[in-house]
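**Q** Turn this into a structure:
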Amino acid sequence: MYDELTKVDIEKLKEELEYRIGTVRPKILEEVKFTRSFGDLSENAEYHAAKRERGKNESRIRYLRNMIKTAVVIDTKSCQDEIGLFDTVTYYIEEDDCEETVRIVTTLRQNSMKGLISKESPIGNAILGKHLGDRIYVKVFDDYGYYIVIRKIEKGEDDSSLEIRKF
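**A** Residues are numbered from 1 along each chain as shown. Prediction:
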């Protein structure tokens with residue numbers, strides 16, 4: 001399966017990859033060498049911590065390379081009257097009798113605590129391509145879902161201000 005990413009997503013991944021290879025990796029390797037000089041490695045907590053950090057960094061580098069290599073670049077443009085990527089949408093939840101506002105983003109930039117939801121989430125998937133006033137069924141599980149009504153659409157665009165997720 002390929003990840004659908006925007007050009008900005010890929011640029012952000014490349015920037016982080018360069019930083020991790022060019023800046024973080026040398027610092028960690030220096031730390032491993034330095035802590036190795038403390039003596040007995042079996043009881044050297046600093047050495048083991050440095051090696052753990054090296055492993056985390058190398059794992060992230062592999063992840064970034066794989067994401068860049070397998071990504072499918074998607075277009076972020078949508079019609080003026082339909083919901084697309086990076087649009088901010090206000091919808092009414094019939095079941096809860098309340099409104100919510102979210103911004104539809106790529107999976108790499110989702111952060112539900114900040115109202116940034118993935119286009120692949122149940123709500124994101126349900127509302128992409130829909131229009132103002134549409135009543136939509138959001139299927140969460142096979143046996144559970146709920147209805148929403150689109151109340152407001154604010155067109156947005158892909159910008160580099162949204163951070164990619166750090167694991």
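
**Q** Which segments of this protein make up each domain?
**A** Here the domain assignment for the chain is 4-73, 88-154, based on automatic domain parsing.

**Q** so which of those gets nearest residue 79?
**A** Shortest separation from residue 79 across the domains of the chain is recorded for domain 88-154, at 8.8 Å, computed as CB to CB. The way it works is simple: take the backbone N, C-alpha and C, and place the C-beta from them, glycine included.

**Q** State the pLDDT value of the nearest residue to residue 78 once chain neighbours are set aside.
**A** Among residues not flanking residue 78 along the chain, residue 84 sits closest, at 2.5 Å (CB to CB, 6 or more residues apart in numbering). pLDDT recorded at residue 84 is 93.

**Q** what's the answer for residue 1, then?
**A** 51.

**Q** three-state assignment of the residue most central in space within the chain?
**A** Residue closest to the average C-alpha location in the chain (CA atoms, centre = their mean): residue 108, at 2.0 Å. State at residue 108, reduced to three classes by DSSP: H, G, I helix; E, B strand; the rest coil: helix.

**Q** With adjacent residues omitted, what lies nearest to it?
**A** Looking at residue 108 with CB to CB, 6+ apart, the closest residue is residue 164, at 4.6 Å.

**Q** Mind listing what's buried along stretch 29-37?
**A** Within stretch 29-37, the residues scored as buried using 16 or more other CB atoms under 10 Å are 31-32, 35.

**Q** Show me which of those is closest to residue 91.
**A** residue 31 (48.7 Å).

**Q** and the residue nearest to that closest one when sequence neighbours are not counted, what pLDDT?
**A** Nearest non-adjacent residue to residue 31, counting by CB to CB, 6+ apart: residue 50, 4.4 Å away. For residue 50, the model assigns a pLDDT of 90.

**Q** Noted, bye for now.
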